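K.L.:
Sequence and predicted model, in that order:
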Amino acid sequence: MGGSIFIAGTGAIVTNRTLFHEARLADAMRLSNPAYANRLNELTHAYGAIASARERLRWRAAPSTGNSTGKPPLGYVDIYRMLAWMSLAMVVCALLLNKNKPGEGAPSGEVG
């Protein structure tokens, strides 16, 4: 049951973080953003043959919800990073525990 809860939780985090990253990327890819507009103009001039189809180039450069890069969505990167930090914290906590002394039983006469 714990595994099912964990899988559902991480699935929700991946979905939310992927949508968050897509929204941030879409905001950055607007012609009102000077850095984006400058880069688009540089690419338009660099590809002289495509310069006549400037509107088509802008349409291709527009953000889309599909993942055409072949890379995993950034939400997965976030969840892997979070799990790595949690694992590191658990290792540190395990190192802080008292040492176990094998062979020593419970003291006799004490009821636990």
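P.N.:
Looks like it arrived, so ask away.
K.L.:
okay, CA-based contacts and neighbour counts for the rest of this
P.N.:
Will do.
K.L.:
State the distance from Gly2 to Gly9.
P.N.:
Distance check for Gly2 against Gly9: by Cα to Cα, to the nearest Å, it reads 10 Å.
K.L.:
I meant Gly75, not that one.
P.N.:
Distance from Gly75 to Gly9, by Cα to Cα: 13 Å.
K.L.:
out of those two, which sits in the busier spot?
P.N.:
Gly75 (22 against 11; other Cα atoms under 10 Å).
K.L.:
Contacts only, for the more buried one.
P.N.:
Ile13, Val14, Thr15, Asn16, Arg17, Thr18, Leu19, His21 (Cα atoms under 8 Å, 6 or more residues apart in numbering).
K.L.:
Now for Ala28, how many residues are close by?
P.N.:
As a measure of burial, Ala28 has 15 neighbours, counting by other Cα under 10 Å.
K.L.:
and what of Lys101?
P.N.:
That count, for Lys101 with other Cα under 10 Å as the rule, works out to 7.
K.L.:
That one in helix, strand or coil?
P.N.:
Put simply, Lys101 is coil when judged by DSSP: H, G, I helix; E, B strand; the rest coil.
K.L.:
For ChimeraX, what selects the buried ones among the contacts of Gly75?
P.N.:
The following ChimeraX line selects those of the contacts of Gly75 that are buried, judged by 16 or more other Cα atoms under 10 Å:
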select :13,14,17,18,19
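K.L.:
of the contacts of Gly75, closest to Val91?
P.N.:
Ile13 (23.4 Å; Cα to Cα).
K.L.:
From Met82, how far off is that closest one?
P.N.:
Applying Cα to Cα to Ile13 and Met82 gives a distance of 10 Å.
K.L.:
shared neighbours, those two?
P.N.:
In contact with both Ile13 and Met82: no residue, using Cα under 8 Å, 6+ apart.
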